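Participant: model this:
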Amino acid sequence: MKTIQQRDLRNYSGKVLAEVEAGESFTITRNGKPVAELRPLTQRTFVPVAELARTSANLPRIDYNEWRADMDAMIDQETHGRE
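Facilitator: Predicted coordinates:
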């Protein structure tokens, strides 16, 4: 997160907002003290492979046969697939 002074936000708001649209976040300061954050409203939809690998590395393994049995138990086999 970048830090920007209130004065620079006022003077360069177009440039700052373009950076926010591109995904950058800012801490706004007044007299050297943080007073606000400026960040994009939309969340990123793309997750880099390295981040996915790092965050999923410690998840428990899923046994396919157990998972399938759980799904079959939850889905009524008589009505599944019928319109």
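
Participant: List the buried residues of stretch 1-15.
Facilitator: Within stretch 1-15, the residues that qualify as buried by neighbour count (16 or more other Cβ atoms under 10 Å) are residue 9. All C-beta atoms are positioned from the backbone trio N, CA, C, and that covers glycine.

Participant: Where does residue 34 fall, secondary structure wise?
Facilitator: According to DSSP states H and E, residue 34 maps onto strand 33-38.

Participant: Relative to the whole chain's centre, how far out is the following helix or strand past that strand?
Facilitator: Note on strand 33-38: by DSSP H and E, the next helix or strand toward the C-terminus is helix 49-56. With Cα atoms, centre = their mean, to the nearest Å as the basis, helix 49-56 stands 13 Å off its chain's centre.

Participant: Tell me the spacing between residue 40 and residue 27.
Facilitator: 14 Å (Cβ to Cβ, to the nearest Å).

Participant: How about residue 4?
Facilitator: Applying Cβ to Cβ, one obtains 7 Å for the distance of residue 4 from residue 27.

Participant: what about stretch 4-13, distance to the chain center?
Facilitator: That offset, for stretch 4-13, works out to 26 Å (Cα atoms, centre = their mean).

Participant: Same question for stretch 29-48.
Facilitator: Chain-centre distance of stretch 29-48: 13 Å, with Cα atoms, centre = their mean.

Participant: longest helix anywhere in this structure?
Facilitator: Using DSSP state H, we find that the single longest helix of the chain is helix 64-74.

Participant: average pLDDT for that one?
Facilitator: Averaged across helix 64-74, pLDDT comes to 90.

Participant: do the same with stretch 2-17
Facilitator: Averaged across stretch 2-17, pLDDT comes to 96.
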